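Visitor: Provided below for reference: sequence and predicted model.
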Amino acid sequence: MAQYYDIDDIVMEEEIVSVVFQVAANGVGLLDPSAETNSVAQGSKVELPFWLAQELHVRQAVAMNVLACFNQKTRKEVQADAACVDLRNRCPYFYELGCKIAPLVGDRTIGSFLLYTFSSRYKEVLSKAHSAAFVVAPKFLSILTKEEIHLYEAARSSMAAFKKWRVGGPRFERASILGRKRRPAD
Amino acid sequence: MYGRRASQLLKELSSNEKSQLTAFNTDMFGEVLKECNTHHLELQSLMRKIQEEGLDMQTTRNADHFGAVIHHLSLMRNKRCLMAYAYNRAEVIQSLRWMVGPVLPQEIQAKLNQSEKEYFKNHSAALEAYMSELDLDLTVDMVPPKDPYIRVRLLDDIGDDVVLDDQTHNFVRHSIHLLKRTDAEQYISQGLMEELSG
């Protein structure tokens, strides 16, 4: 419940998972575009957002398939060179979703795969955060997941704070909500 | 898809920079509320159907039951999204009192809806009541001070007869003053002055 208001947690659960209905459900024809009546038939394959799939899985109403981003193809790519794989394109919440989905689908290899991916990308993220010039950063950022971007930002801001502390400078700042420093047009 | 709109609300919120506000999305908020009502109606009609068939509500696991479960879950999901939207905005609004002061500039006022303005006013009043009870201004010295006086430069005209600390100051644009930091702090956070260092 602690994460009830967490925006990232909510947005993450919007990721689409493909499931197979083990039971029929009436009055929810919207979920299955191929349904002719206003209901989902038993055995139909449907794409659901994770928040719904998870709850239905717990009630044994659906069987969840492993996400495409944890399939063999991705694993091979990560093994080849983890730092270059575009994870954001596959799933911006790669790690968080992986952690949630692993116990549900009963695939024990997902955990170690996530750990391997993270640890091999971690070094690259941190070293880029300190060394990459600001202009090339956007290109590099576009392959990182949300989690990794947080890490990257944290590394940058701690470096910036350290430099500021060494050099000194104005300690008061105008409230950030008021926007960038801009002289009103006279 | 169920809950799509609600999550769009939150995506909009999360794409903002930290502690920045956009205008309250009344239209989208209303749409989600409408969606909630639809789910509620569907849920009720499915539950009625189960009862009419003479089945026990607690143990029935037929197609109607799972339909109802899906509508129920969607309802809860939408609720969570709306709550999170309101809650996270409220957090920012609360912090405005500390950063900007008791009076919000017009462009920020315009982004709040009626109950958020109310919230800000009440939060501000509560804080003020507490501070007057303590006889201490909690919103100054957010950064630990090194020196009681600082040198500031005016970024805008404030007025030529501002009385601070029994002294009249002529605050015209671009003039430089040596002020008590507690006095200067509010002007700096409002963007009317900047601190000169070195």
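Guide: Alright, I've got the coordinates.

Visitor: for the residue located most distally from the centre of chain B, helix, strand, or coil?
Guide: Going by C-alpha atoms, centre = their mean, the residue of chain B most distant from its centre is B:G54, 49.0 Å out. With DSSP: H, G, I helix; E, B strand; the rest coil as the basis, the three-state label of B:G54 is coil.

Visitor: Give me the pLDDT for it.
Guide: Listed pLDDT for B:G54 reads 81.

Visitor: Kindly export stretch A:25-36 (C-alpha atoms) in PDB.
Guide: The C-alpha trace of stretch A:25-36 is given here as PDB (Å, rounded to 0.1, in the frame of the first residue of the first chain):
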ATOM      1  CA  ALA A  25     -16.400 -13.500 -18.700                       C
ATOM      2  CA  ASN A  26     -19.600 -11.700 -19.500                       C
ATOM      3  CA  GLY A  27     -20.100  -8.000 -20.100                       C
ATOM      4  CA  VAL A  28     -16.500  -7.200 -20.900                       C
ATOM      5  CA  GLY A  29     -16.500  -7.600 -24.700                       C
ATOM      6  CA  LEU A  30     -14.300  -4.500 -25.000                       C
ATOM      7  CA  LEU A  31     -11.300  -6.500 -23.900                       C
ATOM      8  CA  ASP A  32     -11.400  -8.900 -26.900                       C
ATOM      9  CA  PRO A  33     -11.600  -7.100 -30.200                       C
ATOM     10  CA  SER A  34     -12.500 -10.300 -32.000                       C
ATOM     11  CA  ALA A  35     -15.400 -11.100 -29.700                       C
ATOM     12  CA  GLU A  36     -18.800 -11.100 -31.400                       C
END
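
Visitor: Show me what counts as buried in it.
Guide: For stretch A:25-36, the neighbour count (16 or more other C-beta atoms under 10 Å in any protein chain shown) marks A:A25, A:N26, A:G27, A:V28, A:G29, A:L31, A:D32 as buried. Quick note: C-beta positions are derived from backbone N, CA and C, even for glycine.

Visitor: Distance check, the nearest residue to the first one once chain neighbours are set aside against B:T60.
Guide: Right, A:A25. Nearest residue to A:A25 in three dimensions, chain neighbours excluded: B:F66, at 3.9 Å (C-beta to C-beta, 6 or more residues apart in numbering or on different chains). Distance of B:F66 to B:T60, computed by C-beta to C-beta, to the nearest Å: 10 Å.

Visitor: Which one of the two is surrounded by more residues?
Guide: Legend: neighbour count by other C-beta atoms under 10 Å in any protein chain shown for B:F66 and B:T60, higher for B:F66 (25 against 13).

Visitor: So in terms of bridging, what pairs with A:E47?
Guide: Beta-bridge pairing for A:E47 (DSSP bridges): A:S18.

Visitor: Pull the contacting residues for it.
Guide: By C-beta atoms under 8 Å, 6 or more residues apart in numbering or on different chains, A:E47 lies in contact with A:I16, A:V17, A:S18, A:V19.

Visitor: tell me the mean pLDDT for stretch A:88-100?
Guide: When pLDDT is averaged along stretch A:88-100, the result is 86.

Visitor: Ignore what I typed, I meant stretch B:130-144.
Guide: Rounded mean pLDDT across stretch B:130-144 is 82.

Visitor: now do stretch A:105-115
Guide: 85.

Visitor: With stretch A:67-83 instead?
Guide: The pLDDT scores in stretch A:67-83 average 83.

Visitor: Ends of it, what's the gap?
Guide: End-to-end distance for stretch A:67-83: 21 Å, by C-alpha to C-alpha, to the nearest Å.

Visitor: B:C36 contacts B:R77, doesn't it?
Guide: No: the pair B:C36 and B:R77 fails to qualify as a contact (C-beta atoms under 8 Å) at a distance of 9.8 Å.

Visitor: okay, the two: which has more neighbours?
Guide: Ranked by neighbour count (other C-beta under 10 Å), B:C36 and B:R77 place B:R77 first, with 23 against 18.

Visitor: Go ahead and confirm the more buried one touches B:R4.
Guide: No: with contact defined as C-beta under 8 Å, B:R77 does not reach B:R4; the gap is 10.3 Å.
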